[in-house]
Each structure stands twice: as structure tokens, then as C-alpha cells.
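Engineer: A structural model of the following input is requested.
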Amino acid sequence: MCAREKPERSKTSAQVRVAAEIDAAAIAAVTNAAFAIETFIEGMRTDALRVVEMMRQGVFLVCAQASEQRGDEQIVASVYVETRGSRGYFGMLAVDPLYQGKGFGARMVQAAEDYCRELGCAAMDVTVLSLRPELLPLYHRLGYAETGKEDFRPSRPMRAGAECYSILMSKDL
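Structural biologist: Numbering: from 1, shown residues only. Okay, the predicted model is just below:
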């Protein structure tokens, strides 16, 4: 699929699955495209090596859009998930910009919650950056409430003058 080509809804189907290491480059590409809006941080959000490293701690769930016509699949959304005792955590929720606004983000959050619920987690956590205030209403609609704040420790340099902190949000499962 070309970068600007509109997705064909009627000839495709999407399934959420646990990613394998072979998916790392595609996950990195979707993540970097989705997080390009974060101009307050320098450089790319992630790369395939970082994705593989994260897979050693948790899992990535991906939504793969299959096309019968082309006979292949494209990862259109992903989310990182890990368990922390009786709590689940998700982060790096990413939806290909061509698929944003079509419910894939909510679908991936639901998949992350279901994954953690099946592993016995009682609650789910997410961290939102203060410089992304448009995300708070999205997570509120999905049942998350703000539970605190903490310092933001970026893995890449912040742009000069950018000040940011992390907003902790949680939801009982």
C-alpha cells in the first residue's frame, strides 16, 4: 500500500495478535509515523532493535490488516503491554495515520486490557505526557482516571525550552 493510498475497507479484515520479533521493523515504522506529532522530542520514537528489547520485558499487540486481494498483511496499529504484579501497563499506543479516527486506538486499548485481565491483572495503567493534552479526553472516555504525576525521563533529548511531566492514569479491570 502506498503511503498516501486510502485503505480499502470492504476488501480487508483486521485481527489483533501478539507480535513476533519479525514484526519489529513494522511496529517501529507505525510507531514513528504515529508519534511524529511529538515534535518536542528530538529524533525518532523507536527502532526495530528497541522494539525487540522491549519484547523481552513485555509484548506488543498488533492489529494486522489483511488484504485478500494482495495476499499480504500490514500492521496498522500496535501497543506495548506488560504486567507488573497485579497491574497491567500499556504504552506506545500507535495507529498508522491513515487509520486514525477509525476506532483502532480504542480497539488496541481493549486488547491490552483483555490480555492483562486474562493474566489476572486487577488494574491497568498508562502514562500520558503533559505536552499531549489531547490524549486525556480519549483515555477518560475509555474509563481511565488521573492518579498522579511524575517526572518525565525521556529516552531522547527534549527540544530546547520544552517542559514535560508524566500524567499517570489507571482503570480497574
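
Engineer: Every contact and neighbour count from this point should use C-alpha atoms.
Structural biologist: Fine.

Engineer: how about the strands of the protein, start to end?
Structural biologist: 12-18, 59-67, 72-84, 87-95, 123-129, 145-151, 165-172 (DSSP state E).

Engineer: Could you export those strands as TSV, including mean neighbour count, distance to Val51 and mean pLDDT?
Structural biologist: Shown next, in TSV, are those (neighbours: other C-alpha atoms under 10 Å; distance: least, C-alpha to C-alpha, whole Å; pLDDT from 0 to 100):
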stretch	mean neighbour count	distance to Val51	mean pLDDT
strand 12-18	15	13	83
strand 59-67	22	8	90
strand 72-84	22	9	93
strand 87-95	22	10	97
strand 123-129	21	18	96
strand 145-151	14	23	96
strand 165-172	18	21	96
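
Engineer: right, so of those strands, which gets closest to Ala36?
Structural biologist: Nearest to Ala36, of all the strands of the chain, is strand 87-95, at 10.6 Å by C-alpha to C-alpha.

Engineer: For the closest one, which strands pair with it and how are they oriented?
Structural biologist: Strand 87-95 pairs in its sheet with strand 72-84 (antiparallel), strand 123-129 (parallel), by DSSP bridges.

Engineer: Extract the CA atoms of the first one and return them as CSV.
Structural biologist: If I follow you right, that is strand 72-84. C-alpha atoms of strand 72-84 as CSV (Å, rounded to 0.1, in the frame of the first residue of the first chain):
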residue,chain,number,x,y,z
ASP,A,72,-0.4,-9.9,2.4
GLU,A,73,-0.9,-8.0,5.7
GLN,A,74,0.0,-4.6,7.0
ILE,A,75,0.4,-3.7,10.7
VAL,A,76,-1.8,-0.7,11.1
ALA,A,77,-1.8,-0.4,14.9
SER,A,78,0.3,-1.6,17.9
VAL,A,79,0.5,-1.3,21.6
TYR,A,80,3.2,-2.3,24.1
VAL,A,81,1.9,-4.3,27.1
GLU,A,82,3.5,-5.7,30.3
THR,A,83,2.3,-7.0,33.6
ARG,A,84,3.7,-5.5,36.8
